[in-house]
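Asker: Predicted model follows, preceded by the sequence.
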Amino acid sequence: MTPDAATGPGRSFLFVLGSSRPDGNSEILAREAASHLPASVPQRWVDLNRLDLPDFQDGRHEDEDHRPGEVEEELRRATREATDIVIVSPLYWYTLSAQTKRYLDYWSGWLNVPGSDFKQHMAGRTLWGVTAMAHDEHVVADGLTTALHNSAAYLRMRFGGVLLGTASRPGRIRADEPALARARTFFENDAPPALFAYEKEEALTGA
């Protein structure tokens with residue numbers, strides 16, 4: 001994907017904040033990246049910690065149709081309306097925060113609403129990640145990156161990768177100059193269609 005395609009006309013970004021504290025390092029890093037998007041590209045920010053969203057209940061095998069509440073329905077609409085969804089989550093125990101995981105669990109429910117076209121609708125859209133961690137070696141975030149990548153692959157989305165930074169105490173991400181530099185051009189990065197590892201192998205072998 002070229003920079004023009006990534007940030008051009010018709011694109012809209014949904015930033016989903018999944019930290020357990022406001023104005024966390026992951027959010028600071030995400031806002032730095034977002035500040036370099038063209039002014040013509042709409043941005044919407046949703047803080048999961050401020051939503052009255054209950055824990056996800058899997059109702060796929062229940063007879064009664066699920067009736068989404070007002071908050072869930074608004075979140076579903078915001079997700080569907082965006083061309084680019086940015087998951088902003090600190091690295092908690094080498095994966096996504098509980099708030100972020102709950103949001104993605106709701107995707108499972110939206111897939112199974114009778115008559116839903118959620119999977120078809122999300123195909124071709126782009127998933128991104130932004131995370132801060134208390135570790136200098138970014139390889140420890142591979143589990144988080146894989147979770148997002150495979151989620152994108154299942155929905156046939158594009159995946160723009162994860163913007164990583166090192167910080168623990170509030171505000172310390174501002175001292176990670178390499179991360180801030182990467183943030184300035186993060187949304188210009190190529191976002192190819194996400195493929196599961198076995199699909200890449202099949203493509204290489206011609207299987």
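Answerer: Here it is on my side, so go on. Residues are numbered from 1 along each chain as shown.

Asker: CA atoms for contacts and neighbours, from now on please.
Answerer: OK.

Asker: what helix or strand is the most centrally placed residue in the chain on?
Answerer: The centroid of the chain falls nearest to Ile87 when counting by C-alpha atoms, centre = their mean (2.7 Å). Here Ile87 is covered by strand 84-88, with elements defined by DSSP states H and E.

Asker: Show me what that strand pairs with in its sheet, parallel or antiparallel.
Answerer: When pairs are called by DSSP bridges, strand 84-88 turns out to pair with strand 13-17 (parallel), strand 126-133 (parallel).

Asker: In CSV, list the ones you listed along with distance to Asn189.
Answerer: Compiled in CSV, the strands paired with strand 84-88 are given as follows (distance: least, C-alpha to C-alpha, whole Å):
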stretch, distance to Asn189
strand 13-17, 15
strand 126-133, 10
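
Asker: Columns mean neighbour count, mean pLDDT and distance to Glu74 on top of these, output as CSV?
Answerer: Formatted as CSV, the strands paired with strand 84-88 follow (neighbours: other C-alpha atoms under 10 Å; pLDDT from 0 to 100; distance: least, C-alpha to C-alpha, whole Å):
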stretch, mean neighbour count, mean pLDDT, distance to Glu74
strand 13-17, 25, 98, 13
strand 126-133, 26, 98, 19
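
Asker: Looking at these, which is nearest to Glu73?
Answerer: Distances from Glu73 to each of the strands paired with strand 84-88 were compared using C-alpha to C-alpha; the shortest belongs to strand 13-17, at 15.1 Å.

Asker: Can you give the contact residues for the helix or strand following that closest one?
Answerer: Following the chain from strand 13-17 toward its C-terminal end, the next helix or strand by DSSP H and E is helix 25-34. Counting by C-alpha atoms under 8 Å, 6 or more residues apart in numbering, helix 25-34 makes contact with 17, 19, 88-90, 130-132, 165, 167-168, 170-174, 179-180, 183-187, all of which sit outside it.

Asker: again, but for stretch 164-182
Answerer: Stretch 164-182 has contacts (C-alpha under 8 Å, 6+ apart) with 24-26, 28-29, 32-33, 130-136, 138, 163.

Asker: quick one: buried residues of it?
Answerer: Residues of stretch 164-182 classed as buried by neighbour count (16 or more other C-alpha atoms under 10 Å): Leu164, Gly165, Thr166, Ala167, Ser168, Ile173, Arg174, Ala179, Leu180, Arg182.

Asker: Ranking by neighbours, what's the top pick from the contacts of stretch 164-182?
Answerer: Counting by other C-alpha atoms under 10 Å, Ser26 has the largest number of neighbours within the contacts of stretch 164-182, with 32 neighbours.

Asker: Just the pLDDT at that residue, thanks.
Answerer: The per-residue pLDDT reported for Ser26 equals 98.

Asker: Arg44 - that's part of a strand, no?
Answerer: Yes. Using DSSP: H, G, I helix; E, B strand; the rest coil, the secondary structure at Arg44 is a strand.

Asker: Any idea how many residues pack against it?
Answerer: Neighbour count for Arg44, taken as other C-alpha under 10 Å: 12.
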